[in-house]
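Colleague: requesting a structural model of the entry that follows:
(chains A and B)
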Amino acid sequence: MTGRMDAQESARVTARAGRRSAARVRPWRVVARVTRIVGLRRYVIGALLWAPVSVLPLLSGLVLQRLFDHVSAQRVVAIGEPLWLCAALVGVEIVRGLVMVIAWVYGTYWWDAAATVLRANPLRSVLTARGAAAGRLPHSSGEAVARLRDDTADLVQLTDDIVSLVGAALFSAAALVIMAAIDPVVTLVLLVPMAAIGVLNRLLRGVVQRRHRRARVLGAMVTGFVGDVFGGVLAIKTAGAEDAVLRRLRERNRARRDAAVRDRLAAGLLETGTGAAVEISIGLVLLLAAPAMRRGAFTVGDLALFTGYAGWLAALPRTAGSMLSRLPQAAVAVERLTRLMASHEDATDLTRPGEVWFTRRPPSAAATPPGHDDPLEVLDARGLTVRHGHGRGVRDVDLRLARGSFTVVTGAVGAGKTTLVRALLGLAPLDAGTITWNGRPVADPGTFLVPGRAAYAGQVPRLFSESLRENLLLGHPGDGRRGGGGDAQIMRALELSVLDREVAAMADGLDTVVGPRGVRLSGGQVQRATAARALVRSPDLLVVDDLSSALDVETERLLWDRIAAAARDGSGPGTLLVVSHRRAVLERADQVVVLDRGRVAGRGTLTELLESCPEMRRLWTGELLVEAEEAR
Amino acid sequence: MTAPDSTAAHGAAAPSPDHAPGGSRGRIASPGTPASRRDILRSFRPAPRAAAGLITGIGAATALPLAAPQLTRRFVDDAIGGAGLRHLTLVALGYLALAVAGQAARLLAAWLAGGLAWDGTNRLRERLAEHALGLDMAFHGRRTPGEMIERVDGDVVAVADFAVAFLMDVVAGFLLLVGVLAVVLATDARLGGVLLVYCALIGLLMARTQRLAVPSATRARAASAVVFGTLEERLAGVEDIRANGAGAQAVARFQQVSAEMYRAEVRADKVRSALLAGTSVAFAAGTALVLGLAAWGRQSGALTVGTAVLLFQYTQMVRTPLERLIDQLKQYQTALAGIARIGELLAERRTLPGPAAPRPLPAAGALGLRLRGVGFAYPGDGARVLSDVTLSLAPGETLGLVGRTGSGKSTVARLLLRLYDPVEGTVAVGGVDLRDTAPASLRRRVCVVTQDVQLFAATVRDNLTLFRPLADDGRLRAVLEEVGLGEWLAGLPDGLDTELTGHAGPADHTEQDEPLMRHTGLSAGEAQLLAFARAFLADPGLVILDEASSRLDPATERHVERVTGRLLAGRTGVLIAHRLSSLSRVDTIAVLDGGAVVEYGRRTDLAADPASRFAHLLHAAGVRA
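Modeller: Numbering: from 1, shown residues only, chains lettered A, B, ... in the order given. The predicted structure is shown next:
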């Protein structure tokens, strides 16, 4: 069995590695796909709109050339033509400005739409695709957000850079032709500093990015330390450790300063290098054109044109150099984003063209949950196995939940209780095992064991920064109406979860904005709100992970009384699966499953287990001692 | 109440070797006006040598670019005049040298300015952190860590950004601008006058119009913050969403906030691009004006060709500094707001007065405690949290505090730690009224182990000692062994130097078995034991234990209880109990309800009396009495 699983495991690892390396070698193809993400037509139109913005300076240069030729003419000519040329200079800039506004605003749609699709695809995959999301997400949600923010921006930026590159190339080609017609030798020599700019950008960009990243990391460390310190201010103050903490802050501050100054220096070097190359170009033009100017073959107008174009020409090598250094980063971005996708999806799904609803209303997402015509009779799980690192996880666990039963999973810390229910619900990836619903096999528990079949109140529940009503419904239709009597279903769920009085006492009731940016609820309130969220969906099976840990004895008893009563009269979920090590819960259970280091150590009622299961006895000795002592 | 300056407390505590906590507060000035702007900006004042270097750098960065066009003029005029090739080559080489040196000088000045600004930022941040740490819990209780990050870090960065920009863009830009105008005025007074008027007009116009972009840009930033906030919350709650079948709704919600962001950005980009285009046109108009006048001057023979080229080059040089100057006007507002908020924070004062004649607690041995008629309400909130609480405990005894959430148990603990002063009555530890106790001695002799253990993104050693040089590694290892973390320590890759990742706020707890686990390498139980280790290191005479109520299985809990027993041996203990089983060790029990002691007596007596609340609680928990 181990052998089979090892083979499976290694196959998966290879598949994943293969996918990753595949992503690494083809950033160009991904970039090409990103250009099509909101339709290729829009991208091409956007690029065409930008082209005049890059190319029109050619015209300004030619106008200046003629103007200076007039000014330098030995014979004094009429003032009329120079004035017309001056007007033309302004006219060209007006046209360029108008085109720029249009192209910019048009480009904003494209930029935002592409980024939104690139973000929505992984988000949809994480939240709805088959297979558990747990393995794909990074350690912190903050890092996941950073990927969805920065990595997508990197990819879109790269496609955006192509537009600038094309514009710069168009300008450069035309400018070189014009310049070569005037003086081919000087033109040819000018290519040298331009090439230097390209090389400089290619080489230094990487250094700049590395230093920038380091400065950011050290900056985040200082910010994190400040957050840590004020988050742990109680510990620091009660221990009198203020001065030590400040010393540490000073050290971190210094490290950050050094990195930040180095970061600026690298960026400054790149900027200065580019600027110096342009100046060198102008110097070279002066040097080389001197003989021709003496002869009169190279006019002052030509000089104005050459020096003007030199600045604009620098855009091409600069853009090309920075793009080349951006490519490897794009490959990393693709790889990191693809890792968020489900195992059956790849970079193609990441860049799948999608819809955005920037200008019209999105279709209603509050669709009625798929009704199921197969109410729970028996849920049977066999051989559930999840292999975490370090020997944690669960091994070969069988679980049978009959309609109307109350099952409690218990065990020591790290025994795998939470892993077991998460695996059952498809939240953690299952390495082996089968699950059947009324005898029919469940292919993907993650998308099958959802409301109205099952609902879940987790151990570390989350509320979102929205109204309590929205938090409980999460798109569930509820009663369809707001306020007044329309909230009956929510109120019923709140009553079952013993949160009704507290909500009634809130000034805004169900409209109270909760979550990180709203009213802060206590730990117990959050847990009960999560239970209400599950209950409002009227599932057949209610799965609760350690709901009562932040509740006092009385509230806890009331909660289980109400849920049990609702189960009996059919107004609440009939079947319960609960993780707990609380005596009050264990005594209610029809079936207690004792886990020990991931394996089932015993199964039965509490009384049976206390007789037959050594692990159960080990867990409960302490409590029994108290009982004996108090009874004296 | 006249607040005696806390410097007095500091001075009196000085003989004791550990005067850390008083130190930072001693420097807080007596209550007064918010710190002045000048006072705050003083942090940014550079050392004389650095200042001299900076002035030289900025001077060179201004003078060199100003000189370069003079050579172009020379070159053009001399080339037309038929000067020798050698001469022209020398002029061209001179231009090259000047221009490249100008770039280098600018780089140098920027580097120096950056270093100075960062030094100033760091000084200011440290000063703010020091000040804020010295404030009472009455201050911190009202603020989230996120808010404090914004106040101690965010505002400072806003000021620092402006300080760098001020040196490089405002000072250097202004100098360059003035230089250009002066040179042009000297070259041709009429043209110089025109350029001056033009610069003033366009500067005024830009300053006016740039402000138009601010509201829409602010809204766009806010909309973007909403998008990423929404994403963050949804990604943190993946399992809540998936298991409740709410994925599609969450994606739709993301689309909705993205659309709002798009609408805000389009509005902002319209303004932004129009302003940019308008500025470009205005500068083109300025160039055209100067060139037209130059052509006219040529016609009348007043100007050489080289001077026309020179004027053109100078006109081109005005744009960048002018744009940067105007841009800084916007930053100036932000920086001012930042400075104002920094001033407010520095104006915050401690509410707990330092003792006039501080008395140290007994240096060794268990400490008794006595609460007499204590009443309390949190500042800024009229509701009574405690009323007429009277409790006493002999040295070495243990008191169990029982009661529902909100009954006032934790408040009693906070008063014992003097995080607050009672509104009425007295709290005395070791026979000393806490109002008269030397702060350092209080911190050393009274120790608290809280339910949610506060961990830091730092090494195991730092987490144990809270960054203080408390004990050698041998002692730290021994203490970890004592609380039962010896095996855990042995399993760490770098031993005491292993970095824990800290708790980066609630947003970072994801879907694991034990949420702490993934981020710190510590399970909830292990974190609890680490907190005990901190207490063992401190060797206090009074221990306040806010018992961990959640996520400990009975086996781990029993281990924690054994360690509790060891910690309380020979010490006085106050136990905020969430479990009845842990009350088996206490000598007396106080049942709190609504901030009042409703039952108080020896545990054995209360358990034996079937009419007592305590016995009722035991019964409710299923312990058959």
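Colleague: so what are the domain limits for chain A?
Modeller: A:20-126+A:135-181+A:346-355, A:378-631 (automatic domain parsing).
Colleague: quick one: distance of the shortest one to the chain centre.
Modeller: Translated: domain A:20-126+A:135-181+A:346-355. Remark: domain A:20-126+A:135-181+A:346-355 is offset 26 Å from the chain centroid, using Cα atoms, centre = their mean, to the nearest Å.
Colleague: swap in stretch B:193-202?
Modeller: On Cα atoms, centre = their mean, the centre of stretch B:193-202 falls 44 Å from that of its chain.
Colleague: close to chain A, is it?
Modeller: No. Stretch B:193-202 does not reach chain A (Cβ under 8 Å from any Cβ of the partner chain); its nearest approach is 13.4 Å. Backbone N, C-alpha and C define where each C-beta goes, glycine included.
Colleague: who's in contact with the residue nearest to residue B:614 when sequence neighbours are not counted?
Modeller: Sequence neighbours aside, residue B:606 is the residue nearest to residue B:614 in space, at 4.1 Å (criterion: Cβ to Cβ, 6 or more residues apart in numbering or on different chains). By Cβ atoms under 8 Å, 6 or more residues apart in numbering or on different chains, the contact list for residue B:606 reads B:589, B:599, B:612, B:614, B:615.
Colleague: list the contacts for the second one?
Modeller: It stands for residue B:599. So residue B:599 contacts B:589, B:590, B:591, B:606, B:612, B:613, B:614 (Cβ under 8 Å, 6+ apart).
Colleague: which one is residue A:383 nearest to, not counting chain neighbours?
Modeller: Nearest non-adjacent residue to residue A:383 (Cβ to Cβ, 6+ apart): residue A:433, at 4.3 Å.
Colleague: next, the buried residues of the helix or strand hosting the one you found.
Modeller: Assigned by DSSP states H and E, residue A:433 belongs to strand A:432-437. If you call a residue buried by 16 or more other Cβ atoms under 10 Å in any protein chain shown, then strand A:432-437 has these buried ones: A:432, A:433, A:435, A:437.
Colleague: low-confidence bits of chain A, can you list those?
Modeller: Low-confidence segments of chain A (pLDDT under 70): A:1-26, A:74-77, A:139, A:363-372, A:389-392, A:478-486, A:548-550, A:621-632.
Colleague: likewise the stretch 501-625 of chain B?
Modeller: B:501-521, B:524, B:548-554, B:579-581, B:619-625.
Colleague: JSON lines for the contacts of residue B:606, including secondary structure?
Modeller: Output for these, formatted as JSON lines (DSSP: H, G, I helix; E, B strand; the rest coil):
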{"residue": "B:589", "secondary structure": "strand"}
{"residue": "B:599", "secondary structure": "strand"}
{"residue": "B:612", "secondary structure": "coil"}
{"residue": "B:614", "secondary structure": "helix"}
{"residue": "B:615", "secondary structure": "helix"}
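Colleague: return the member of the buried residues of strand A:432-437 nearest to residue A:603.
Modeller: Using Cβ to Cβ, residue A:433 comes nearest to residue A:603 of the buried residues of strand A:432-437, at 16.6 Å.
Colleague: return the distance of the closest one relative to residue A:380.
Modeller: Taking Cβ to Cβ, to the nearest Å as the measure, residue A:433 falls 11 Å from residue A:380.
Colleague: point out the residues in the stretch 451-600 of chain A that sit beside chain B.
Modeller: Counting by Cβ under 8 Å from any Cβ, the stretch 451-600 of chain A sits next to chain B at A:451, A:454-456, A:458-462, A:464-465, A:474-476, A:515-517, A:522-524, A:530, A:533-534, A:537, A:543, A:546, A:549-550, A:552-554, A:557, A:581, A:583-584, A:587.
Colleague: burial of residue B:482, as a residue count?
Modeller: By other Cβ atoms under 10 Å in any protein chain shown, 16 other residues sit near residue B:482.
Colleague: how much space separates it from chain A?
Modeller: Residue B:482 is 18 Å from chain A, where distance means Cβ to the nearest Cβ, to the nearest Å.
Colleague: that residue is in contact with residue B:536, isn't it?
Modeller: Yes. Between residue B:482 and residue B:536 there is a contact at 6.1 Å, judged by Cβ atoms under 8 Å.
Colleague: quick one: the strands in the chain?
Modeller: No chain was given, so I picked chain A. Applying DSSP state E to chain A gives strands spanning A:378-387, A:393-402, A:406-411, A:432-437, A:440-441, A:454-457, A:541-545, A:575-579, A:591-596, A:599-604.
Colleague: wrong one, chain B
Modeller: Using DSSP E, strands in chain B cover B:369-377, B:384-393, B:398-402, B:424-429, B:432-433, B:446-449, B:542-546, B:572-576, B:588-593, B:596-602.
Colleague: what does the second one contact?
Modeller: Same thing as strand B:384-393. So strand B:384-393 is contacted by B:368-378, B:399, B:408, B:411-412, B:415, B:422, B:425, B:572, B:574, B:588, B:590, B:592, B:595-597, B:600 (Cβ under 8 Å, 6+ apart).
Colleague: can you count the residues close to the residue nearest to residue A:298 when sequence neighbours are not counted?
Modeller: Spatially, and ignoring its direct neighbours in sequence, residue A:298 is nearest to residue A:292 (3.6 Å; Cβ to Cβ, 6+ apart). By the other Cβ under 10 Å criterion, the neighbourhood of residue A:292 contains 17 residues.
Colleague: over to residue A:28?
Modeller: Counted with other Cβ under 10 Å, residue A:28 comes out at 12.
Colleague: next up, the contacts around the residue nearest to it when sequence neighbours are not counted.
Modeller: Setting aside the residues directly before and after it, residue A:28 is nearest to residue A:327 in space (Cβ to Cβ, 6+ apart), at 7.6 Å. Residue A:327 makes contact with A:27, A:28, A:158, according to Cβ under 8 Å, 6+ apart.
Colleague: now residue A:352: how far from residue A:133?
Modeller: 18 Å.
Colleague: neighbour-wise, which of the two wins?
Modeller: Using other Cβ under 10 Å as the criterion, residue A:352 and residue A:133 rank with residue A:133 on top: 25 against 16.
Colleague: and that one, how far from chain B?
Modeller: Distance from residue A:133 to chain B, by Cβ to the nearest Cβ: 5 Å.
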